[in-house]
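Undergrad: Everything below, folded, please.
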Amino acid sequence: MSAAVTFPEASRRQCALTAVRRACALAALLVVGGNAHAGLFDDDEARRAIIDLRTRISQLEDANKSQGSQLAQQLQQLQNALLDLSNQNEQLRQQMAQLHGQNEQLAKDLSDVQRQQKNITQGVDERLKRVEPQQVNLDGKTFSADPEEVQAYDAATATLRTGDFDKAQVALNNFLRRWPGSGYADLARYWLGNAQYGNRDFKGAIATFKAFIAAAPEHPRAPEAELAIANCQIELKDIKAARVTLGELIKTYPKSEAATAGRDRLKSLK
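TA: From the prediction side, this is the model:
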């Protein structure tokens with residue numbers, strides 16, 4: 001692109017053109033008044049001066065037109081450049097809006113995938129919990145038990161706590177048949193004896209409590225089972241056997257709460 005003509009330079013040229021026009025007009029006046037100043041210029045010199053002035057004026061007018069055309073062309077180029085820039089800005093704005101929408105969709109898709117993964121993980125964990133053995137700590141004893149085994153034991157003991165001794169007795173018997181070697185087995189026998197006692201099956205309760213004590217003599221509930229045997233014998237009017245059982249309780253577990261209760265019970269039988 002050619003060098004642009006500055007506006008101050010154009011103004012100076014316009015002033016020069018105006019001065020030339022004024023000089024030409026003055027020369028014309030001098031020609032008209034030639035008779036008064038015939039001594040200064042002759043006709044040929046005046047005509048040459050006028051022609052010269054007109055030539056200079058024409059050159060200046062052509063130069064001014066050329067500069068005006070260049071300025072108009074430059075102005076048009078600037079307008080076109082501004083229009084292109086505006087169009088580019090609009091395209092960029094549209095692209096930014098499109099990218100913003102795509103980012104929002106990607107964020108939503110990512111959130112959906114994360115939620116699905118979380119649901120899948122939770123589902124897998126829940127399924128594993130239903131089949132993987134669990135660590136159980138019961139009465140100071142730690143052992144592993146299948147989830148179904150834990151659920152069956154909890155359900156049976158919960159039934160016993162409601163006072164439904166018939167249903168509890170069935171549930172505890174079923175548990176011992178299915179999981180005879182379970183870590184719950186000793187305590188399940190103890191609760192079975194209590195269910196039988198609640199059903200007034202005193203002979204059955206005595207047999208169950210004795211089996212419990214024989215299998216786990218050091219169990220924390222063994223003294224209570226010994227006392228329960230004596231109570232069953234008292235219910236059966238077998239006072240002699242009850243005294244023997246209470247004596248064994250006091251001798252074997254002397255510091256237990258059951259032994260303290262057994263001493264009081266033994267006194268009442270004399």
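
Undergrad: now the strands: where do they sit in this protein?
TA: Here the chain has its strands, by DSSP state E, at 134-138, 141-145.

Undergrad: and those strands, which is most packed in?
TA: Stretch with highest mean neighbour count among the strands of the chain: strand 141-145 (a mean of 13; mean count of other CB atoms under 10 Å). Yep, even glycine has a C-beta here, placed from its N, CA and C like the rest.

Undergrad: Could you tell me the angle between that one and strand 134-138?
TA: Angle of strand 141-145 versus strand 134-138, following axes from the mean of the first three to the mean of the last three CA atoms, to 10 degrees, is 150 degrees.

Undergrad: what's the burial count for residue 46?
TA: Residue neighbour count, defined by other CB atoms under 10 Å, stands at 18 for residue 46.

Undergrad: okay, now residue 182: neighbour count?
TA: Residue 182 has 21 neighbours, counted by other CB under 10 Å.

Undergrad: Hmm, I typed the wrong one, I wanted residue 262.
TA: If you count neighbours by other CB under 10 Å, residue 262 ends up with 25.

Undergrad: Tell me who's in contact with it.
TA: 226, 227, 230, 246, 249, 250 (CB atoms under 8 Å, 6 or more residues apart in numbering).

Undergrad: give me that answer again for 6 Å
TA: Residues counted as contacts of residue 262 (CB atoms under 6 Å, 6 or more residues apart in numbering) are 227, 246, 249, 250.

Undergrad: Likewise for residue 184?
TA: Contact partners of residue 184, counting by CB under 6 Å, 6+ apart, are residue 153.

Undergrad: ok, it to residue 51 distance?
TA: Distance of residue 184 to residue 51, computed by CB to CB, to the nearest Å: 133 Å.

Undergrad: for residue 71, same thing?
TA: As judged by CB to CB, residue 71 and residue 51 stand 30 Å apart.

Undergrad: Which of these two has more residues huddled nearby?
TA: Between residue 71 and residue 51, counted using other CB under 10 Å, the more crowded position is residue 71 (15 against 10).

Undergrad: want to try a markdown table for the strands of the chain, with distance to residue 58 as columns?
TA: Below are the strands of the chain laid out as a markdown table (distance: least, CB to CB, whole Å):
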| stretch | distance to residue 58 |
| --- | --- |
| strand 134-138 | 111 |
| strand 141-145 | 115 |
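
Undergrad: would you turn these into JSON lines with distance to residue 211 and mean pLDDT?
TA: As requested, the strands of the chain are arranged in JSON lines below (distance: least, CB to CB, whole Å; pLDDT from 0 to 100):
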{"stretch": "strand 134-138", "distance to residue 211": "19", "mean pLDDT": "88"}
{"stretch": "strand 141-145", "distance to residue 211": "18", "mean pLDDT": "90"}
